[in-house]
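Chemist: can you look at this prediction? I've put the sequence above it.
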Amino acid sequence: MTPFAFASVMLLLAAIFGLINHHTLRLPSTIGVMVVALGFSVLLVLIDPFIGDYDLTGYANSVLDAANLSHLLLDSVLAFLLFAGSLHVDLAMMRVEKWPILALASIGTLTATVLLALGMWGVFALVGSDVPLTWCFVLGSLLAPTDPVAVSALLAKVGLPKPLQIVITGESLFNDGIAVVVFLLALDVATGQVHEIGLGHVAVEFIREVGGGVVLGALAGVLAYRGIGLADDKNLELTISLACATVTYTLAQELGVSGPIAVVIAGLLVGNNATAEAISVEAREHIIGFWSLVDEILNTLLFLLIGLEVLAIERDTPIFLAILCAIPLACLVRLLSVGGPLMAVSVRAMPRGLTSRVRNVGVLTWGGLRGGISVALALSLPASAYRGSLLAVCYGLVVFTIIGQGLTMPWAVRRLLAHAIDPEAAPGAH
């Protein structure tokens, strides 16, 4: 199947599943498409044994293999998603909340990686799957990054306070890049390319990849918004923004620095400088409207693919038990990895005090969704005796957090932050 044919099939399925969701389930669009795709995949698995000459799941798996989701996301789609997401972030408010964002994206991500690794090592031993600790660290690193994109619209509707929205968004934008660095280091150890990693080696890698990504993104962002300032044509300004996203990510990969962080920094600068100072309101709406559409379409297709990927997951009792154990473990780890940093560094624009911090920790804990980046990293794992187990646990946890936590997030926010909800943003305010 050619790339064009594959894209055509995916867009057709996204349209059909979207209509089904719109007229029946009425869930948020991305979550709804994923739920319908998940149901479609389960239906294929159930009816496949009763169809003699047709291997439906085999054919579907061959199509998904041809898509190479990990390559598609990590090498291209991620650049557009992160750039689009960072364009909307208020840089001034992010500066105000920089310490909780940095603490969650760095200390929180590293803490989650270690605790998930140790916890899953025990879980695998409990269910009779002998997965080495080194591979459990790989699993911990790919489950550490959060992805609240699926519930961002829901958070806005229930009136989540703006400072907390900024912290959640900022954490998700920056912890992707940090988690990828940790994942690659853990994978090198697990596959024997590096026999051990010392603190000095980790520090050097972090400075090179994360620091290099920041510098590259800042340079690209400055050049892009100055170029937009020299242009006086909406389409040309849009072309410059597209070039900024793609070239920045490509250069980062070539230079060996963090592409996700570079694109986020560039997007923040373009979104807050070019759209605020260099262009007209009409041109700003043109750029923001285009990138919002790109973000919506790519997220819909991504969640569609996640729903279909159940066809590639191993299905046996030990794996199922490991997934069931991983869900409460991940919630507990999220609570610990968020609670530590937020108890030490408060959200400045939110009410102070122990009660307020506990409530913020609760919202951030339940909002710790895993998404496309975790699935893409899992799918990129090399062939090994442990790949199937890691992929199944990752997929099961991603599906639970998106559906279980994502759909109940508005309820959690109303319960924990009823005193701080903006009545103008809450449902029924207008």
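Modeler: Cool, got the structure. Residues are numbered from 1 along each chain as shown.

Chemist: now the closest residue to Phe174 other than its chain neighbours: phi and psi?
Modeler: Of all residues beyond its chain neighbours, the one nearest Phe174 is Ala105 (3.9 Å), with distances taken as CB to CB, 6 or more residues apart in numbering. (C-beta placed from N, C-alpha, C; glycine too.) As for Ala105, its main-chain torsions (degrees, to the nearest 10) stand at phi -70, psi -30.

Chemist: just the one 3 residues further on next, same as before
Modeler: The phi and psi values for Gly108, taken as degrees, to the nearest 10, are phi -60, psi -40.

Chemist: give me the pLDDT for it.
Modeler: pLDDT for Gly108: 94.

Chemist: ditto for the one 5 residues further on
Modeler: If you check Thr113, the pLDDT there is 96.

Chemist: does it touch Ala144 like I think?
Modeler: Yes: in this structure Thr113 lies within contact range of Ala144 using CB atoms under 8 Å: 4.6 Å.

Chemist: now do the shared contacts for those two.
Modeler: Ala179, Val182 (CB atoms under 8 Å, 6 or more residues apart in numbering).

Chemist: so between these two, which is more surrounded?
Modeler: Legend: neighbour count by other CB atoms under 10 Å for Thr113 and Ala144, higher for Ala144 (32 against 26).

Chemist: I'd like to know how far the residue nearest to Phe174 sits from Val181.
Modeler: Distance of Ala105 to Val181, computed by CB to CB, to the nearest Å: 12 Å.

Chemist: picking that back up, which residues touch the residue nearest to Phe174?
Modeler: Gly170, Glu171, Phe174, Asn175, Ile178.

Chemist: element containing Arg348, please.
Modeler: Using DSSP states H and E, Arg348 sits in no helix or strand.

Chemist: for it, which non-adjacent residue is spatially closest?
Modeler: Val96 (5.6 Å).

Chemist: what is the burial count for that neighbour?
Modeler: 16.

Chemist: repeat that for Leu230.
Modeler: Leu230, neighbours per other CB under 10 Å, totals 10.

Chemist: okay, it: pLDDT?
Modeler: Reading off the model, Leu230 has pLDDT 86.

Chemist: low-confidence ranges in the stretch 51-200 of the chain?
Modeler: Flagging of the stretch 51-200 of the chain using pLDDT under 70 yields the residue ranges 52-53, 66-67, 148-159, 194-200.

Chemist: let me see the ranges of the helices in it.
Modeler: Using DSSP state H, counting those that start in this stretch, the helices of the stretch 51-200 of the chain run over residues 56-67, 69-72, 78-87, 91-96, 98-103, 109-127, 133-143, 152-157, 162-190, 199-206.

Chemist: now do whichever helix or strand comes after the last one against helix 78-87, angle only.
Modeler: Moving toward the C-terminus from helix 199-206, the next helix or strand (DSSP H and E) is helix 212-230. In this structure, helix 212-230 runs at an angle of 70 degrees to helix 78-87, with axes from the mean of the first three to the mean of the last three CA atoms, to 10 degrees as the basis.

Chemist: buried ones in helix 212-230?
Modeler: 212-214, 216-217, 219-221, 223-225, 227-228 (16 or more other CB atoms under 10 Å).

Chemist: and stretch 249-264, by the same measure?
Modeler: Of all the residues in stretch 249-264, those buried under the rule 16+ other CB under 10 Å are Tyr249, Leu251, Ala252, Leu255, Val257, Ser258, Gly259, Pro260, Ile261, Ala262, Val263, Val264.

Chemist: and it, how far apart are its ends?
Modeler: 10 Å (CA to CA, to the nearest Å).

Chemist: contacts for it?
Modeler: 75, 78-79, 82-83, 85-86, 173-174, 176-178, 180-181, 208-217, 220, 245, 248.

Chemist: now, of the residues you listed, which are buried?
Modeler: Buried, going by 16+ other CB under 10 Å: 75, 78-79, 82-83, 85-86, 173-174, 176-178, 180-181, 209-210, 212-214, 216-217, 220, 245, 248, out of the contacts of stretch 249-264.

Chemist: about what we covered before: dump the helices of the stretch 51-200 of the chain into JSON lines; add distance to Asp48 as well.
Modeler: Compiled in JSON lines, those are given as follows (distance: least, CB to CB, whole Å):
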{"stretch": "helix 56-67", "distance to Asp48": "5"}
{"stretch": "helix 69-72", "distance to Asp48": "21"}
{"stretch": "helix 78-87", "distance to Asp48": "32"}
{"stretch": "helix 91-96", "distance to Asp48": "49"}
{"stretch": "helix 98-103", "distance to Asp48": "46"}
{"stretch": "helix 109-127", "distance to Asp48": "26"}
{"stretch": "helix 133-143", "distance to Asp48": "29"}
{"stretch": "helix 152-157", "distance to Asp48": "35"}
{"stretch": "helix 162-190", "distance to Asp48": "33"}
{"stretch": "helix 199-206", "distance to Asp48": "45"}
